[in-house]
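J.: Sequence unavailable; structure follows:
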C-alpha cells in the first residue's frame with residue numbers, strides 16, 4: 001500500500017524531475033570545502049582585521065600569521081595545523097568597523113594597565129554578559145575613572161580566573177538591584193563564604209611508645 005501511494009505521488013512529479021535532471025551535473029568525487037580561507041597577521045592590539053571586522057586572539061599570538069577559515073556563521077583561526085580560536089562571524093555594513101572581542105584574550109594585559117579599559121576601542125565588546133556592561137555603567141557613573149577601571153577589570157579577571165562568569169553575573173545583578181557597586185573581593189566572599197569549609201576530621205595518632213612495645217614483643221618471640 002505504501003509503495004503504491006509513493007509511486008502515484010512520484011508519477012505526478014516525473015516530468016518536473018526529468019526537466020531538472022537535464023541541467024544537473026555529476027557530484028564531485030571529493031567533498032568541497034564549505035569555507036573560504038584567508039591569511040592574516042596578528043597585530044600588537046591582540047587581534048586581526050578581516051573584512052572590516054576585528055577579531056581578538058590570545059596575546060601570545062601577536063606577530064604570528066594565521067590561516068582563517070571563513071564559514072557562514074563563524075570564523076576559525078589556525079596557527080599551522082593547530083586550532084587557536086573560534087569566533088561568531090560578524091559582518092560590517094556601510095564600511096563601519098566592528099569588533100568581536102573575547103575578554104579572556106585581553107584580561108592579562110588589562111590587569112597590568114586597568115586604565116586602558118576606559119579608552120579601549122573595543123571596550124563595548126569586552127563584556128561577556130549584560131550584567132557586566134551594567135556594572136561598568138554604574139561604576140563609571142559613581143566612581144573616578146581610575147577606580148571604575150580597576151574594579152571592572154577585577155570583576156572580569158575573577159570571572160576568567162575562577163571560571164564563574166555566569167555565577168558572578170548573578171551576584172553582580174543582585175548588587176545592582178540593591179543599589180550597591182559591585183566589588184570583586186566582596187563578591188568573592190559571598191560566592192565562597194568563610195563557613196563553607198571542609199569538615200574537621202579528627203585523626204588519632206599512635207603514640208611512639210607503642211611501637212617500642214611491638215618491637216620488644218617481636219624480639220622476645
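T.: Thanks, I have the structure now. These numbers were taken from a predicted model, which means no experiment stands behind them.
J.: what about stretch 19-29, start to end distance?
T.: This stretch, stretch 19-29, spans 24 Å end to end (Cα to Cα, to the nearest Å).
J.: Could you check how far it is from the centre of its chain?
T.: On the basis of Cα atoms, centre = their mean, to the nearest Å, stretch 19-29 sits 43 Å off its chain's mean C-alpha point.
J.: so who does residue 48 touch?
T.: With contacts defined as Cβ atoms under 8 Å, 6 or more residues apart in numbering, residue 48 is in contact with 40-42, 54-55, 57, 66, 68, 77. Where you see a C-beta, it was placed from the backbone N, CA and C, and this is true even at glycine.
J.: Now, those residues that are in strands?
T.: Among those, the members falling in strands (DSSP state E) are 40-41, 54-55, 66, 68, 77.
J.: show me where this structure has helices.
T.: Here the chain has its helices, by DSSP state H, at 2-12, 14-21, 103-112, 116-119, 130-142, 145-161, 165-177, 184-191, 208-220.
J.: possible to save the ones you listed as JSON lines with mean neighbour count and mean pLDDT?
T.: Putting the helices of the chain into JSON lines (neighbours: other Cβ atoms under 10 Å; pLDDT from 0 to 100) gives the following:
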{"stretch": "helix 2-12", "mean neighbour count": "9", "mean pLDDT": "89"}
{"stretch": "helix 14-21", "mean neighbour count": "9", "mean pLDDT": "89"}
{"stretch": "helix 103-112", "mean neighbour count": "17", "mean pLDDT": "90"}
{"stretch": "helix 116-119", "mean neighbour count": "14", "mean pLDDT": "90"}
{"stretch": "helix 130-142", "mean neighbour count": "17", "mean pLDDT": "95"}
{"stretch": "helix 145-161", "mean neighbour count": "20", "mean pLDDT": "94"}
{"stretch": "helix 165-177", "mean neighbour count": "16", "mean pLDDT": "94"}
{"stretch": "helix 184-191", "mean neighbour count": "14", "mean pLDDT": "90"}
{"stretch": "helix 208-220", "mean neighbour count": "9", "mean pLDDT": "72"}
